[in-house]
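Asker: what follows is a predicted protein model with its sequence.
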Amino acid sequence: YSDHVTAVNQFSNMLWAELDIKKLVDSTEDFVMRLRRLKDFKSLPVFMLVEEKILSFQQSLPLIENLKNDALRKRHWEKL
């Protein structure tokens, strides 16, 4: 989990123009796969909490990806 938090913090501190959405998606998918390998811990409350946080972040990635779309112009940002 601490690796995930570190990665998210690194991406969060990055300039929007420098954000590599593919790396963000790949990194998150890697954390999800690592979680799935921890089958023995699935019943622990802390595991469920960590899983919820990582999966919730993963669900937000399509929004981030859409906002990162090069087709968005200044007028679109102003409407947001």
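Answerer: Right, received. Where do you want to start?
Asker: so residue 71: helix, strand or coil?
Answerer: coil (DSSP: H, G, I helix; E, B strand; the rest coil).
Asker: same deal with residue 7?
Answerer: Three-state call for residue 7 (three-state DSSP): helix.
Asker: distance of it from residue 31?
Answerer: According to C-beta to C-beta, to the nearest Å, residue 7 stands 8 Å off from residue 31. C-beta: built from backbone N, CA, C; applies to glycine.
Asker: which one's more surrounded, these two?
Answerer: A count of neighbours by other C-beta atoms under 10 Å puts residue 31 above the other of residue 7 and residue 31, at 21 against 17.
Asker: with adjacent residues omitted, what lies nearest to the more buried one?
Answerer: In space, and not counting its chain neighbours, residue 31 is closest to residue 4: 4.7 Å by C-beta to C-beta, 6 or more residues apart in numbering.
Asker: residue 25 now?
Answerer: Residue nearest to residue 25 in three dimensions, not counting chain neighbours: residue 61, with 5.6 Å by C-beta to C-beta, 6+ apart.
Asker: and for residue 48?
Answerer: Residue 48's closest residue in space is residue 42 (C-beta to C-beta, 6+ apart), at 7.6 Å.
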